[in-house]
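Engineer: Predicted model, plus sequence, below.
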Amino acid sequence: MKDIKNNDLNSVALKLIPKGAFLTVTDGKRLNTMTIGWASFGFIWGKPIIMVMVRKSRYTYELMEKSKEFTVSFPGEKQLKNELNFCGTKSGREHNKFTECQLTQVPGRKLKTPIIGEAELHYECKIVYKQEMKNIGLTLDLDKAWYSDNDYHTLYFGEILSSYLTDNEHVSVKQ
């Protein structure tokens, strides 16, 4: 494993996020990972932050509401496409995504929530703020395009406590 400064590979992560990353969370009893395709990085409240969004209808939302932490694991380019697709279309209520996708749970370095062993770039985050989205202030075109079912996201701001690359021969994160 190679530690990285919190902001060193954020531009790489932003390039990879549209292809998908694994958001993993545990509430102490249950564990789930889901595919995310949206995230934001910044420096807020004097801390390095990643903001992720989870819809209330998702199983992951139930766990996020009971948890104080999460991890985000980014596969390299062109890696784990089938696994990302599965974890983005199947619910953890009905599927053990780790077993069905043969994803390895690797203990986090600073958190109880594991990372995805087959991915290469990892962020371990402590939730410092959350905010439910409302359609107030959201432009009508975005509201119609993304929330016609009124299934709004909750935004979770996670302080990045640890960020690192793992050595995976089959994965390549290009800077």
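Structural biologist: Right, received. Where do you want to start? Residues are numbered from 1 along each chain as shown.

Engineer: For N150, grab phi and psi.
Structural biologist: Per-residue torsions, N150: phi 60, psi 20 (degrees, to the nearest 10).

Engineer: Skipping its backbone neighbours, what lies nearest the residue most central in space within the chain in space?
Structural biologist: By C-alpha atoms, centre = their mean, the chain has its centre lying nearest to L23, at 2.7 Å. Excluding the flanking residues, the one nearest L23 by C-beta to C-beta, 6 or more residues apart in numbering is I36, at 4.7 Å. Heads up, the C-betas are built off the backbone N, CA and C, glycines and all.

Engineer: sorry, back to before: on contacts alone, who are the packing partners of the helix or strand that the residue nearest to the centre of the chain is a member of?
Structural biologist: Secondary structure assignment for L23, by DSSP states H and E: strand 21-26. The contact analysis (3 or more C-beta pairs under 8 Å, 6 or more residues apart in numbering; DSSP states H and E) places strand 21-26 against strand 31-36, helix 59-66, strand 69-74, helix 81-89, strand 115-116.

Engineer: Rounded mean pLDDT for it, please.
Structural biologist: Mean pLDDT, strand 21-26: 96.

Engineer: residue ranges of the helices in this protein, please?
Structural biologist: Ranges of helices in the chain, per DSSP state H, are 10-16, 59-66, 81-89, 97-101, 140-146.

Engineer: any residues touching the last one, and which ones?
Structural biologist: Outside helix 140-146, the residues that touch it by C-beta atoms under 8 Å, 6 or more residues apart in numbering are N135.

Engineer: do the same with the longest one
Structural biologist: The contact list for helix 81-89 (C-beta under 8 Å, 6+ apart) reads 19-22, 33-35, 37, 75, 95, 97, 100-101, 103, 118.

Engineer: can you pick the most crowded of those residues?
Structural biologist: Greatest neighbour count in the contacts of helix 81-89, by other C-beta atoms under 10 Å, goes to A21: 30 neighbours.

Engineer: where's that residue relative to I115, distance?
Structural biologist: Distance from A21 to I115, counting by C-beta to C-beta, to the nearest Å: 11 Å.

Engineer: State the mean pLDDT of stretch 71-83.
Structural biologist: 89.
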